[in-house]
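Engineer: quick one: sequence plus predicted model below, questions after.
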Amino acid sequence: MTPPVAILSPHLDDAVLSCWHVLTSPADVRVVNVFAGVPSANVAPGWWDTSSGRHDPVRTVKERIEEDRTALALIGRDPVNLDFLDNQYRSGPQAIEPMVDAVLGILPWGAVVWAPGAFAPQAGHMTDRGARREPHPDHVAVRSAALALRAKGYAVALYADLPHASVCGWPDWVINDGDSGRGRRAAELWRAGLAAARLAPVQLIPEVRRLSPVAFERKAQAVQRYASQVATIEHAIGRRLDDPELLGYEVAWRLPAVEAAS
């Protein structure tokens, strides 16, 4: 029997952007949006909201929740939304333990947990500090929570978080396109991301999925449901989200089980 799957999605779009082939598989798939909390009315708009031309955080998050529900409904999936606040609404880092406890409360035993690899943007991603090559702190936090679940016995796979991981191209071993300098740079950034999670990339075998034209078209339609986000993301990365060279491949690494202490 195929085990259930739980996709830990940092924000209200990451599962669709990065794990379409999992979402459309016959497995029992649960999407867990981690940073889906609605801020209080006195919270100022964050840097991403402002760049999106939005100035009411409460209304914005509720709109994003509805967009995600609509996108996932296209393939018959229902999200589970946790109430942790997006980084742009927080004054400090999110503690990992409460996240782990919240996920454990809804996670069936035996589930395979999919979490972001938290790869740094490969180009000048627009952020609260301008262009930088650092992973989003919410993605890092969700990855840390997944690794804590791995230590508790859950199987974990890390996925390449898109479009962060692909905005400047794919490693050559993904697209089988020779040995380009751009591909080597992408591979270096991916290795650095895995190493930051204290994982040895040489011990991990990536799973590469190239979406068929039909599958990509369905994915592109779902992505467009995130109407409040698409234009801002495209402006930030300088690429269109309906480009199959950006979102047409999906990559993941299944982590080896943690050996029990003797």
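Structural biologist: That came in fine, so what should we check first?
Engineer: which residues touch residue 219?
Structural biologist: Applying C-beta atoms under 8 Å, 6 or more residues apart in numbering, we find residue 219 in contact with 16, 20, 211, 247. C-beta: built from backbone N, CA, C; applies to glycine.
Engineer: out of the residues you listed, which comes closest to residue 98?
Structural biologist: Taking C-beta to C-beta as the measure, residue 98 lies nearest residue 16 of those, at 25.4 Å.
Engineer: now the lowest-mean-pLDDT helix or strand in the chain: buried residues?
Structural biologist: When each helix and strand of the chain is scored by mean pLDDT, DSSP states H and E, helix 181-196 comes last, with a mean of 81. Residues 183, 186-187, 189-191, 193-194 are the ones in helix 181-196 that count as buried (16 or more other C-beta atoms under 10 Å).
Engineer: any chance of the contacts of residue 219 in a markdown table with neighbour count as columns?
Structural biologist: Formatted as a markdown table, the contacts of residue 219 follow (neighbours: other C-beta atoms under 10 Å):
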| residue | neighbour count |
| --- | --- |
| 16 | 26 |
| 20 | 24 |
| 211 | 19 |
| 247 | 23 |
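Engineer: closest to residue 168 among the residues you listed?
Structural biologist: Of the contacts of residue 219, the one sitting nearest to residue 168 (C-beta to C-beta) turns out to be residue 247, at 13.9 Å.
Engineer: give me every residue that touches that closest one.
Structural biologist: Residue 247 sits in contact with 17, 162-163, 166, 216, 219-220, 223, 241, where contact means C-beta under 8 Å, 6+ apart.
Engineer: swap the cut-off to 10 Å and go again
Structural biologist: 16-18, 20, 162-163, 166, 211, 216, 219-220, 223, 239-241 (C-beta atoms under 10 Å, 6 or more residues apart in numbering).
Engineer: among those residues, which ones are in helices?
Structural biologist: The members of the contacts of residue 247 that map onto helices under DSSP state H are 16-18, 20, 216, 219-220, 223.
Engineer: in TSV: those residues, plus distance to residue 155 and pLDDT.
Structural biologist: TSV is the format used below for the ones in helices among the contacts of residue 247 (distance: C-beta to C-beta, whole Å; pLDDT from 0 to 100):
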residue	distance to residue 155	pLDDT
16	22	98
17	22	98
18	18	98
20	20	98
216	27	98
219	25	98
220	30	98
223	28	98
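Engineer: for those residues, which one is nearest residue 198?
Structural biologist: Using C-beta to C-beta, the ones in helices among the contacts of residue 247 come closest to residue 198 at residue 18, 21.7 Å.
Engineer: the host helix or strand of residue 233: what's the following helix or strand?
Structural biologist: Taking DSSP states H and E as the definition, residue 233 sits inside helix 227-237. Sequence-wise, the next helix or strand downstream of helix 227-237 (DSSP H and E) is helix 244-247.
Engineer: report the rounded mean pLDDT for whichever helix or strand comes after that next one.
Structural biologist: Using DSSP H and E, the helix or strand that follows helix 244-247 towards the C-terminus is strand 249-254. Strand 249-254 carries an average pLDDT of 96.
Engineer: which other helices and strands contact strand 249-254?
Structural biologist: helix 14-18, helix 20-23, strand 112-116, strand 155-159, helix 172-175, helix 181-196, strand 206-210, helix 213-223 (3 or more C-beta pairs under 10 Å, 6 or more residues apart in numbering; DSSP states H and E).
Engineer: partners of it, with directions?
Structural biologist: Strand 249-254 sits in its sheet next to strand 155-159 (antiparallel), strand 206-210 (antiparallel), going by DSSP bridges.
Engineer: what angle separates the first one from helix 181-196?
Structural biologist: Relative orientation of strand 155-159 and helix 181-196, computed by axes from the mean of the first three to the mean of the last three C-alpha atoms, to 10 degrees: 150 degrees.
Engineer: and the angle for strand 155-159 with strand 112-116?
Structural biologist: Using the same axes, to 10 degrees: strand 155-159 against strand 112-116 is 30 degrees.
Engineer: so how far is strand 155-159 off the chain centroid?
Structural biologist: Using C-alpha atoms, centre = their mean, to the nearest Å, the mean C-alpha position of strand 155-159 is found 12 Å from that of the whole chain.
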